[in-house]
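Novice: Here you go, sequence then predicted model.
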Amino acid sequence: MENQRVAQIFQEIGDILELKGENRFRYLSYHRAAQTLLNLSKDIRKIYDNGELEGIPGIGKALAEKIAEILNTGKCGTHERLLAEFDKGLLELLTIRGLGPKKIKKFYDELGIDNIGKLKTAAEKGVLADLERMGEKSQADILKAIQEHEKHVARSHLITATFLAEFLIGYMKDCSKVSRAEYAGSLRRGRETVGDIDILATGKDHNQIIRHFLAHQDVSLVLAQGETKASVILEGGVQVDLRVVDEKSFGAALYYFTGSKNHNIATRKLAIKKGLKINEYGVFKGEKSIAGKTEKEIFKVLGLPYIIPELREDQGEVQAGFDGKLPKSVELADIRGDLHLHTNWSDGRNTLEEMVAAAQKLGYEYLCVSDHSTSARIANGLDLGRIKDQIKQVEALNKRLRGFKVFKGAEVDILTDGSLDFPDEILAQLDWITASVHSKFTLSSAEQTARLIKAISNPYVHVLGHPTGQIVNRREPYELDIAAVARAAAKNNVALEINSNMRLDLSATNIRIAKEHGVKFVINTDAHSIDQLGLMRFGVTTARRGWLEKGDVLNTLPIEALD
DNA sequence: GCCGTTTTCGGCCCGACTGTTTTCAGTCG
């Protein structure tokens, strides 16, 4: 997909226009278009080939022409001209916290500063403080922000950020003045990585609540503190923003700070049309607040059904709400079993019996034991003798279990040529086969796609495990044609996995692409211990972000339907 | 640069905090 490349060019054009001090709405339209392209679930080239570029919200005649130019020539004249005028180092300066276009332009015009290195030298020499509307404090802050930037704190993984946020919410509730606290932002929307954690609190004494927050032992730097908000950086580098509001505004603030920004803009525009105004304190008709205590109230006065946070990405959810076409999103409670997990037969930490007991505790009706096949030597993959032994153990166990079933399965490696790592004789004895790639990540897109399609067309395969190989924040997906893989999966009745573990693979975007091709899904944890069975919620969140309903997900079905 | 259930022109989401000022510009979310 070339969406990313076009998005990057638009982002840079917008950045430079902003530096040049161009009309705000002009550069915002480039930024907005870049964001839209990144979230788009369709290949931009296909949309172009169908002549439908201007059907994308935020893309008009001028941007459509530029997209066509980029797709045809690989370049964009406007972009090239702007880059000749403004060095790329200036764009890098925009990534420094506290620096925006105005200050960067000032430093450039008056001191010739066009990259981070020169800025650092200037700050150390003390020449920044002499500029108009600058001072010692501003200069010191810039130096601090550059040092932070040098440490380069990566975005946090959804799973680790969620656990941290839940810990912080617990801490906030320890304060007797706090009556309610929740996290908002991209974390609440379930994005696979988040840049910071937004926390919202309400209670009697706002000052006391903010003091309690700032007193947390992990706070390493206070970025801002005021009457209603505070921002800190924790040991480890994660930024946390707290906002304190009145009880009567809690829903409005939760809605506002959950975003996404573009979703909020969409509903605000809607409000204006209805003669209303939305801000973080409520929905207002003139001076009068007509909603704000809960999110549900806000949607109601806008004439919309409740839209879950996972869908608030300005991806057509507002229109779908109007048209009554929002998905009935799959929920954690719909999940009846986990079909991909490991035991100590291969690289899991717990015994099969312990995994079964833990699954029963979660209220599941079944699980599938899916240890690694022979080729996964590093993961202690089972050879033919051991898989036969395991099959016998599962059969014996099933005789003892009441109201619960263990499916005999395996996570079988897809070999380089697309064949499977177990012979048909073994595959025929198993109930449920997950086929996965664990090697040769660097094949060309054509080779990888052909490899996966060959595996999918094997009649014994039920699911393609973690289809793109991505591990969020650790490994990029391998090259492949996801649409072609999805078509093959739909044709062969093979489901695609949504892996709830650190991989989060498929991604929400790929889920939407695959669903359009008629694919079914399974949401699995790939658990290697009993604790990890609890990661299911993150796969469900990802599925919800991919607009999936219960009916799209096979492990919402009862045992009989899978048997 | 985009867009239209008041508009093909004239709007475009809204408020908090900081540092430098003495009323506000810049940045952030």
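Specialist: That came in fine, so what should we check first? Being a predicted model, the structure only gives us computed values, none of them experimental. Residues are numbered from 1 along each chain as shown, chains lettered A, B, ... in the order given.
Novice: wait, doesn't residue A:85 sit right on residue A:16?
Specialist: Yes. Here residue A:85 reaches residue A:16: they are 7.4 Å apart, a contact under CB atoms under 8 Å. The way it works is simple: take the backbone N, C-alpha and C, and place the C-beta from them, glycine included.
Novice: out of the two, which sits in the more crowded spot?
Specialist: More crowded of residue A:85 and residue A:16, by other CB atoms under 10 Å: residue A:16, with 25 against 10.
Novice: Just to be sure, the more buried one is in a helix?
Specialist: Yes. Residue A:16: assigned to a helix according to DSSP: H, G, I helix; E, B strand; the rest coil.
Novice: Show me the shaky parts of chain A.
Specialist: A:152-153 (pLDDT under 70).
Novice: Tell me which stretches of the stretch 1-150 of chain A form strands.
Specialist: Counting by DSSP state E, counting those that start in this stretch, no segments of the stretch 1-150 of chain A form strands.
Novice: count of neighbours near the residue in chain A that DNA strand B sits nearest to?
Specialist: Of all residues in chain A, the one sitting closest to DNA strand B is residue A:135 (2.0 Å; CB to the nearest atom of the strand). Using other CB under 10 Å, the number of residues around residue A:135 comes to 12.
Novice: got it, and the one 10 residues further on?
Specialist: A total of 18 residues lie near residue A:145 under the criterion other CB under 10 Å.
Novice: And for the one 4 residues further on?
Specialist: Residues lying near residue A:149 (other CB under 10 Å) number 17.
Novice: Could you tell me which residues make contact with it?
Specialist: Contact analysis of residue A:149 by CB atoms under 8 Å, 6 or more residues apart in numbering lists A:95, A:96, A:97, A:116.
Novice: near DNA strand B, from these?
Specialist: A:96, A:97 (CB under 7 Å from any atom of the strand).
Novice: Now the two most distant members of the contacts of residue A:149.
Specialist: Spatial extent of the contacts of residue A:149 (CB to CB) is set by the pair A:97 and A:116 at 12.2 Å.
Novice: Pick out whichever of the two has more residues nearby.
Specialist: With neighbours defined as other CB under 10 Å, residue A:97 and residue A:116 compare such that residue A:116 has more, 18 against 14.
Novice: and the gap between the more buried one and residue A:18?
Specialist: 18 Å (CB to CB, to the nearest Å).
Novice: who touches the helix or strand harbouring residue A:389?
Specialist: Here residue A:389, judged by DSSP states H and E, is contained in helix A:384-400. Here helix A:384-400 makes contact (CB under 8 Å, 6+ apart) with A:345, A:352-353, A:356, A:369, A:371, A:373-374, A:382, A:405-406, A:408, A:410, A:422-423, A:426, A:429-430.
Novice: Ok, stretch A:345-358 next?
Specialist: With contacts defined as CB under 8 Å, 6+ apart, stretch A:345-358 is touched by A:341-344, A:367, A:369, A:371-372, A:376, A:378-382, A:386, A:390, A:393-394, A:397, A:401, A:404, A:406, A:527-530, A:533.
Novice: 7 Å - rerun?
Specialist: Applying CB atoms under 7 Å, 6 or more residues apart in numbering, the contact partners of stretch A:345-358 are A:341-344, A:367, A:369, A:371-372, A:379-382, A:386, A:390, A:393, A:397, A:404, A:406, A:528-530, A:533.
Novice: so where does residue A:408 fall, helix or strand?
Specialist: strand A:405-413.
Novice: and the residue nearest to residue A:540 when sequence neighbours are not counted, what does it touch?
Specialist: Closest residue to residue A:540 apart from its sequence neighbours, by CB to CB, 6 or more residues apart in numbering: residue A:332 at 4.8 Å. Counting by CB under 7 Å, 6+ apart, residue A:332 touches A:536, A:537, A:540.
Novice: Spit out the contact partners of the residue lying closest to residue A:427 once chain neighbours are set aside.
Specialist: Spatially, and ignoring its direct neighbours in sequence, residue A:427 is nearest to residue A:460 (3.9 Å; CB to CB, 6+ apart). For residue A:460, the contact set (CB under 7 Å, 6+ apart) comprises A:424, A:427, A:428, A:433.
Novice: again, but for residue A:57
Specialist: Going by CB under 7 Å, 6+ apart, the list of residues near residue A:57 reads residue A:36.
Novice: I figured residue A:71 hits residue A:49, correct?
Specialist: No. With contact defined as CB atoms under 7 Å, residue A:71 does not count as touching residue A:49 (9.1 Å).
Novice: okay, the two: which has more neighbours?
Specialist: Comparing residue A:71 with residue A:49 by other CB under 10 Å, the one with more neighbours is residue A:71, at 17 against 11.
Novice: Just give the number of residues close to the residue nearest to residue A:222 when sequence neighbours are not counted.
Specialist: Excluding the flanking residues, the one nearest residue A:222 by CB to CB, 6+ apart is residue A:232, at 5.4 Å. Residues lying near residue A:232 (other CB under 10 Å) number 20.
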